[in-house]
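Engineer: Could you look at this predicted model? Sequence included:
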Amino acid sequence: LYYFTMRAAPSVQDLLSLLNVKPETSFETVLGLLSLKAVALAVIPSVLAGIIFIFLSRKIKLLKLNFKLSLIIFVIGLAVTGLYFKYPRGSAIPFDSMSASINLIRSFTDYFKYFLIERQPFKSENLRTQPDDNIVLIVDESMRGDYVSINNKNLGTAEVLENYLNKYPENFYNYGVAISGATCTFMSRICLITGVNNIPDKELRIFSHPTIFDAAKANGYKTILINLQGDFPDLVIRESDLKRIDEVYLNDKDFNFNLGHTDFNGAKYLNKLLSEEKGLFIFIEKSGLHIPYESNYPGDKAENQKFMPKLEKGEWYSVDKRQKVINSYKNGLRYNLNGFFKYLFGENIFDLNNCTVIWTSDHGQSFMEYGQLGSHCSNYFEQSLVPFVLFSNNNWVLENLIKPEDIKCTLSHFNIYPTLEAIITRKLNHKSGEYCSLISESNQEFKTPPLIFLGRGGITSAVPEVPEKIDDNGKVILPVEKYLY
């Protein structure tokens, strides 16, 4: 698994660092699979079971056991197997194929009931029929908000987007670093698409609440889903949901998967659509910058080596290489964002037809700040920090948009669904639970929303995390990174 992921064998230094890693910090990493605990729980029992099976098979054949004794052995074996089915080893340990298979079967039987819950249609008064504008939600992958240079001028990781913000201040608005709905792609994507924000979702509304695609389609928009990671359908956005979307692109091969070219080709396709058509609602999930970072940009080229020293492709991550890990991340971030936004907006932003674009990320990243190795999908606050930018050349949106300078608090993913729904329906002062839309009357006070995010656990059961440091205005106090600059 390690070799498949990193494309290189571990060095002596890597193996030594393995011995110094605490078990609790190796969660969801290759180190967790190589730990003594994993060996004790999975490898050894599996080997012993194999030896016993071979021994018994030979004994039964040699002794020519009678029917009664054979039946007793069969019942004992059935009882042991039954206990194994009831208490299989952890599914995160892939050495034990039987455990993994049992867990998959049990997950399917547990989750099957969710597929039977029917998605409700979107209902609203005075639905639109022929919208003449375009709306786009861009969900990036692993883009940490405070590492994007529009939020930190000393970095230089998003020069193209910075130029657009400076050149078109009446069309580009940076809402700073926001809090993601979750630190895992799956859960944050659910929050963005369904708008469900009462977490944990004990009422299972994520399966029944109308999606943002349903809202757009009910108001006359042609709906398009572009998933450059190719991981739909899933537990929540099911096959039945995909059938209600007009055009669905699920495979990254449609956009030439090759070191960021997937995102660049996706941006070119968006630019073409937005320049030629009207009445579109598009949700695009980028390939972005998933770990390992060096596999997601051409780091061997001099123009992509702004931040040094960096990792080599295939080099193992470890705490003592933290500066190199962060520099690789910043190089990859710069390569991806500069190329994507250049191709998306082009030389003239007004070529895009009456268009509104919101850009955020599924989650942020953590960089071994506390000795942990996992970069996301856990409870570390840094993994919840994402960007939040809105572009529009639509007059109605610009006239009713609450500007960043009028918002004193930190925004959340949970503000995006009501904002999109307001733009789709052309209704002001829209709210989703306690979360306000950015489309509102100018005299309405924008209240601080509850700032929460989901770490480990499922969206129907996880206990939300709360950022530790928040000022009196409800603004999150960002961490100061040793290797940020």
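Structural biologist: That came through, no problem.
Engineer: Test my guess that residue 394 contacts residue 133.
Structural biologist: Yes: if you go by CB atoms under 8 Å, residue 394 and residue 133 touch, sitting 5.1 Å apart. (Glycine included, C-beta is placed from N, CA and C.)
Engineer: joint contacts of those two?
Structural biologist: Shared contacts of residue 394 and residue 133, defined by CB atoms under 8 Å, 6 or more residues apart in numbering, are found at 354, 355, 356.
Engineer: Measure how buried the closest residue to residue 300 other than its chain neighbours is and give me the count.
Structural biologist: Using CB to CB, 6 or more residues apart in numbering and skipping residues adjacent in sequence, the residue nearest residue 300 is residue 313, 7.6 Å away. Counted by other CB atoms under 10 Å, the residues lying close to residue 313 total 16.
Engineer: next one: residue 357
Structural biologist: Using other CB under 10 Å, residue 357 has 25 neighbouring residues.
Engineer: Can you show me the strands along this structure?
Structural biologist: For the chain, the strands defined by DSSP state E occupy 134-140, 172-179, 222-227, 247-249, 280-285, 355-361, 385-392, 431-432, 435-436.
Engineer: neighbouring contacts of the fifth one?
Structural biologist: Contact partners of strand 280-285, identified using CB under 8 Å, 6+ apart, comprise 134-139, 141, 189, 193, 212-213, 216-217, 221-229, 266, 270, 273-274, 362, 424.
Engineer: Could you do the fourth one as well?
Structural biologist: Residues outside strand 247-249 that contact it (CB under 8 Å, 6+ apart): 222, 223, 224, 225, 226, 227, 232, 242, 255.
Engineer: Nearest residue to the middle of this structure?
Structural biologist: Central residue of the chain (CA atoms, centre = their mean): residue 185, 2.1 Å from the mean position.
Engineer: Is it correct that it is in contact with residue 363?
Structural biologist: Yes: using CB under 8 Å, residue 185 is in contact with residue 363, at 6.8 Å.
Engineer: shared neighbours of the two, anything?
Structural biologist: In contact with both residue 185 and residue 363: no residue, using CB under 8 Å, 6+ apart.
Engineer: Provide a list of residues in contact with the residue nearest to the centre of the chain.
Structural biologist: 141, 229, 231, 362, 363.
Engineer: picking that back up, highest neighbour count among the contacts of strand 247-249?
Structural biologist: Top of the contacts of strand 247-249 by neighbour count (other CB under 10 Å): residue 227, with 24 neighbours.
Engineer: Distance of that residue relative to residue 268?
Structural biologist: Residue 227 sits 17 Å away from residue 268, going by CB to CB, to the nearest Å.
Engineer: for residue 141, same thing?
Structural biologist: In terms of CB to CB, residue 141 sits 18 Å off from residue 268.
Engineer: Among these two, which residue is more densely surrounded?
Structural biologist: The residue with more neighbours, out of residue 141 and residue 268, is residue 141; 20 against 17, by other CB under 10 Å.
Engineer: Have a look at residue 394 and residue 133 and say which one is more surrounded.
Structural biologist: More crowded of residue 394 and residue 133, by other CB under 10 Å: residue 133, with 23 against 20.
Engineer: Please tell me the pLDDT value assigned to the nearest residue to that one once chain neighbours are set aside.
Structural biologist: Using CB to CB, 6+ apart and skipping residues adjacent in sequence, the residue nearest residue 133 is residue 354, 4.1 Å away. On pLDDT, residue 354 comes in at 96.
Engineer: Ok, residue 482 next?
Structural biologist: pLDDT for residue 482: 62.
Engineer: got it, and residue 108?
Structural biologist: For residue 108, pLDDT reads 60.
Engineer: And for residue 8?
Structural biologist: 49.
Engineer: repeat for residue 342
Structural biologist: So, for residue 342, pLDDT stands at 97.
Engineer: related to what we said a few turns ago, any chance of the strands of the chain in a markdown table, with distance to residue 261 too?
Structural biologist: Formatted as a markdown table, those follow (distance: least, CB to CB, whole Å):
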| stretch | distance to residue 261 |
| --- | --- |
| strand 134-140 | 16 |
| strand 172-179 | 25 |
| strand 222-227 | 15 |
| strand 247-249 | 15 |
| strand 280-285 | 15 |
| strand 355-361 | 19 |
| strand 385-392 | 22 |
| strand 431-432 | 36 |
| strand 435-436 | 36 |
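Engineer: What is the burial count for residue 421?
Structural biologist: So residue 421, with other CB under 10 Å, has 23 neighbours.
Engineer: That one and residue 435 touch, don't they?
Structural biologist: No: the pair residue 421 and residue 435 fails to qualify as a contact (CB under 8 Å) at a distance of 11.1 Å.
Engineer: intersection of neighbour lists for these two?
Structural biologist: Counting by CB under 8 Å, 6+ apart, nothing touches both residue 421 and residue 435.
Engineer: picking that back up, what about the residue nearest to the centre of the chain, distance to residue 227?
Structural biologist: According to CB to CB, residue 185 and residue 227 sit 11 Å apart.
Engineer: min pLDDT across the contacts of residue 185, which one?
Structural biologist: Comparing these by pLDDT, residue 231 comes last, at 73.
Engineer: So, low pLDDT: which residues of the protein?
Structural biologist: 1-50, 52-67, 70, 74, 77-111, 252-260, 442-444, 457, 482-485 (pLDDT under 70).
Engineer: what's the nearest residue to residue 342 if we skip its chain neighbours?
Structural biologist: Leaving out its chain neighbours, the residue that sits closest to residue 342 by CB to CB, 6+ apart is residue 160, at 5.1 Å.
Engineer: what about the one you found, how many neighbours?
Structural biologist: For residue 160, using other CB under 10 Å, the count is 17.
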